[in-house]
Each structure stands twice: as structure tokens, then as C-alpha cells.
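A.B. asks: Predicted structure and sequence below. I'll ask about it afterward.
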Amino acid sequence: IAGARRPAVLLSGGVDSTALAALSAGLRPDLLAVSWCLPAFPKADETALVAATAGRLGIELRSTQAGADWPLARIAEWTVDPDAPLINPYRWLQDGVMQQAAEQGADVILSGNFGDHLYPDQARAASPWGHLRQRIRQQLDPHPRLLAWLRRVARRGAVTPDWLLPEWRRQLGELVWAGPAVLSPESIQEASLGRRFAAARGLDLRYVYRDPQVIRFMAALPEHWSQRGDSQKWITREMLRGAIPEPVRVRPKSGSLESYFRFGLYEREAHMVSDILRDRRARWPEYVHAPALFEALANPRSESDLLLVWLAISYELWWRAQAGLGPAVLASNPRLSA
């Protein structure tokens, strides 16, 4: 951020974006924090936490009141990237704060996205294989072939979703990514698309937690530095001790936009979603068990059910835009509506 005209940070109530704000505020007193407000959705609204952090750090905060920004709102303006069917359901929320940052003179904006990927999966770290691997790393200088064998064992435990048809489950199993999640093909593609949409607002979106030096540093740390007792992301929380409000520092990971997601897909846009997924030309049945999708559509019991519906509708919007069938529009160079 040293060369930025004015840096900004996408600030939430989580420790990843809070850490970026705390470190950046010491380098650039003109740092701008931007966030959104969702007062009608208390479980998704982190306004109080964000305001407390900005106040403690002494940085300017601009919050955008969410309007008709739920997933798939204003569908005629919803641009679909031709490169991939990946769609961020909260694109309108993010675009609103991007616009706010640009209007305040920011040219670089930092994101705490992908911060979770730097820490080992807690269930894996607590497993016998996790302990064995950690002991090898700490006490021995293992042969590369031994580490490769341990990775293969871990890969055998990977679970493919049961809603996929058998042929695609087999192919997915062959394509399991064995490296760090932050470097997975899906993460790379998500970051690329995010930067393209930010560029439409004249902003250079930077994912700090994808920086190679940060990845190497975190990968070299013992796993117990990531979690101690009930404290996840322990090293980051310790770094922030005394620098931010204590309720923010010790808050467990609990922020979720699920209630806003359900409001968009299962209330405001329910008819459109159902019509598209039940269209006789729909292509998702080539990959997914129909009963699984229709059950998730009618009675979603978990975030996995919500994800299944979102993946299906994203894919449908993508190929339909390619074919000129709407309702979303194809954009090789995304230009978001102001």
C-alpha cells in the first residue's frame, strides 16, 4: 500500500480483515475502511464490531446501507463472466462498498478473503494423521517420498459430494487438489474474477493472504500455532492483543450472510430460481441427482444444501448467458451498474 494514492480495506467483524486494518493503519493514517450494513438481518450484520475496530484504530469508516442488494437482485444487470460459472452471491454488496471506496479517492483496496485458507483444517489437524505428520515435521527431516505418501493417504480420505452423478464423482476424485487451499484452481479463479470486477470501479483489489511470502510464512509454522484450545487462528489473535477491541479479538468465527442469502434466493427471487432450475432446457441434470437438488430447493437444511442450489443456478445463468437466453447478461469486460 506504500505507493497507493489512498488505500482502503474491506472491513468485517472477523480477525482476517481486522488484522489487515490494524497493520495498514500504522503505515497509512489515511487508510479508509469500508463495510456494509444489514440492520434487518441481525445475524449477518457486523456494523457494531466494524465501528468499534475502526474507532480503536483511528481510521475513517464508510458504511454502505444495503438496499436491493440480495443475491440475484436486479438480474437484468447481473453480468456473467464468460470464463467460468463462478458467481459471488454478494456481488452487489461488494460493489456498493467498492463504489464507496472509489468515491473517497481510494485506488487500492485490501481484502481479507482467503485468510481461512492459510490455517490447517482443524479436523485434519486433530486427526491421528495430522498428529503424525506434525511429529514428523517437528522431530525429523523426512524424506520427500514419505511426505508424498502422507499426502496420498490424506487424499484418499477426501469426500466427494453425494449429489453428483457417479461419472462426475469419479472425475472429481481424480482431480482432488492436494496443495494449500489458497493455491487451488478454484481460489485462483475466484481471485481473478474478483479483481476484474473491482477494476470496473477503478480499484486495484489486493488479496494479501495470497501473497507468496505470507503463504510460505504460515506454511512453515507448527499447526499448534493455528489453534490452542478453543482459540482458532491463535497467532493472529495474539498479534492483535491490545490493538483492537477485545470482543473483536476473541470473537469466534461466526459471521455469516446465510440469512441474507436465504432471503434473496428463497423469498425475493424464489420464482425466478425455480423457473430456471425447472426449465426443460436446464443442463444441471447432466451432473446432479435431481432429487437431491429439488430437496435442497424445497427444504434446505444446511449450508451444503444452499451451496448446491447456488452452484446449479450459477451454472444455468452462465450457459444461458453464453447462448443469449438471459436473464443475466454476458460481459467479457464486466461493467457493473452504478
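C.D. replies: Yep, it's here. Numbers count the residues shown, from 1 in each chain.
A.B. asks: Could you give the bridge partners of Cys37?
C.D. replies: Taking DSSP bridges as the rule, Cys37 bridges to Gln65.
A.B. asks: Nearest to the middle of this protein, which residue? Look it up for me.
C.D. replies: Asn113 (5.5 Å; C-alpha atoms, centre = their mean).
A.B. asks: and that residue, what helix or strand is that in?
C.D. replies: Using DSSP states H and E, Asn113 falls within no helix or strand.
A.B. asks: repeat for Ala33
C.D. replies: Using DSSP H and E, Ala33 sits within strand 32-37.
A.B. asks: relative to strand 32-37, how tilted is the helix or strand following that strand?
C.D. replies: Next helix or strand after strand 32-37 toward the C-terminus (DSSP H and E): helix 47-57. Going by axes from the mean of the first three to the mean of the last three C-alpha atoms, to 10 degrees, helix 47-57 is angled at 170 degrees with respect to strand 32-37.
A.B. asks: 654 is where my numbering starts, stick with that
C.D. replies: Renumbered: residue one is now 654, and that last one reads helix 700-710.
A.B. asks: average model confidence for helix 700-710?
C.D. replies: Here helix 700-710 scores 97 as its mean pLDDT.
A.B. asks: Next, the buried residues of it.
C.D. replies: By 16 or more other C-beta atoms under 10 Å, the buried positions in helix 700-710 come out as 700, 702-707, 709-710. For glycine as for every other residue, the C-beta is placed from the backbone atoms N, C-alpha and C.
A.B. asks: could you list every residue that touches the closest residue to Val750 other than its chain neighbours?
C.D. replies: Nearest residue to Val750, sequence neighbours excluded (C-beta to C-beta, 6 or more residues apart in numbering): Val687, at 4.2 Å. Each residue near Val687 by C-beta atoms under 8 Å, 6 or more residues apart in numbering is listed here: 661-664, 714-717, 750-751, 753-754, 759, 762.
A.B. asks: Which among those residues count as buried?
C.D. replies: 661-664, 714-717, 750-751, 753-754, 759, 762.
A.B. asks: Next, the buried residues of the strand holding Ala686.
C.D. replies: Buried positions in strand 685-690, judged by neighbour count with 16+ other C-beta under 10 Å: 685-689.
A.B. asks: The stretch 754-903 of the chain: helices as residue ranges?
C.D. replies: With DSSP state H, counting those that start in this stretch as the criterion, the stretch 754-903 of the chain has helices at 775-779, 781-792, 797-809, 819-827, 838-852, 865-872, 887-892, 899-902.
A.B. asks: The nearest residue to Ala852 once chain neighbours are set aside and Gly765, how far apart?
C.D. replies: Computed as C-beta to C-beta, 6+ apart, the closest residue to Ala852 that is not its neighbour in sequence is Leu858, at 7.6 Å. For Leu858, the distance to Gly765 equals 12 Å [C-beta to C-beta, to the nearest Å].
A.B. asks: For the closest residue to Ile740 other than its chain neighbours, give me its contacts.
C.D. replies: In this structure, Ile740 finds its nearest non-sequential neighbour in Ser967, 4.4 Å apart by C-beta to C-beta, 6+ apart. Counting by C-beta under 8 Å, 6+ apart, Ser967 touches 738-740.
A.B. asks: phi, psi of Ser967?
C.D. replies: With angles defined as degrees, to the nearest 10, Ser967 sits at phi -60, psi -40.
A.B. asks: and it, how far is that from Tyr940?
C.D. replies: Applying C-beta to C-beta, the value for Ser967 to Tyr940 is 12 Å.
A.B. asks: Ok, Arg709 next?
C.D. replies: The gap separating Arg709 from Tyr940 is 48 Å, by C-beta to C-beta.
A.B. asks: Over to Trp821?
C.D. replies: Distance from Trp821 to Tyr940, by C-beta to C-beta: 5 Å.
A.B. asks: Next: Trp878.
C.D. replies: According to C-beta to C-beta, Trp878 and Tyr940 sit 40 Å apart.
A.B. asks: Gln842 too?
C.D. replies: 18 Å.
A.B. asks: Counting neighbours, go ahead and name the busier of the two.
C.D. replies: Taking neighbours as other C-beta atoms under 10 Å, Gln842 and Tyr940 compare with Tyr940 leading, 17 against 14.
A.B. asks: isn't that one right next to Leu818, touching?
C.D. replies: Yes: at 5.9 Å, Tyr940 counts as touching Leu818 under the criterion of C-beta atoms under 8 Å.
A.B. asks: State the distance from Leu818 to Ser967.
C.D. replies: 18 Å.
A.B. asks: now do Ser716
C.D. replies: 28 Å.
A.B. asks: Same check on Arg890?
C.D. replies: Separation of Arg890 from Ser967 (C-beta to C-beta): 34 Å.
A.B. asks: Then Asp669?
C.D. replies: Between Asp669 and Ser967 the distance is 25 Å, computed by C-beta to C-beta.
A.B. asks: do Gly765 as well
C.D. replies: Gly765 is 23 Å from Ser967, by C-beta to C-beta.
A.B. asks: before we move on, what about Arg869?
C.D. replies: Counting by C-beta to C-beta, the separation of Arg869 from Ser967 is 33 Å.
A.B. asks: now swap in Pro692 and tell me
C.D. replies: From Pro692 across to Ser967, the span is 28 Å (C-beta to C-beta).
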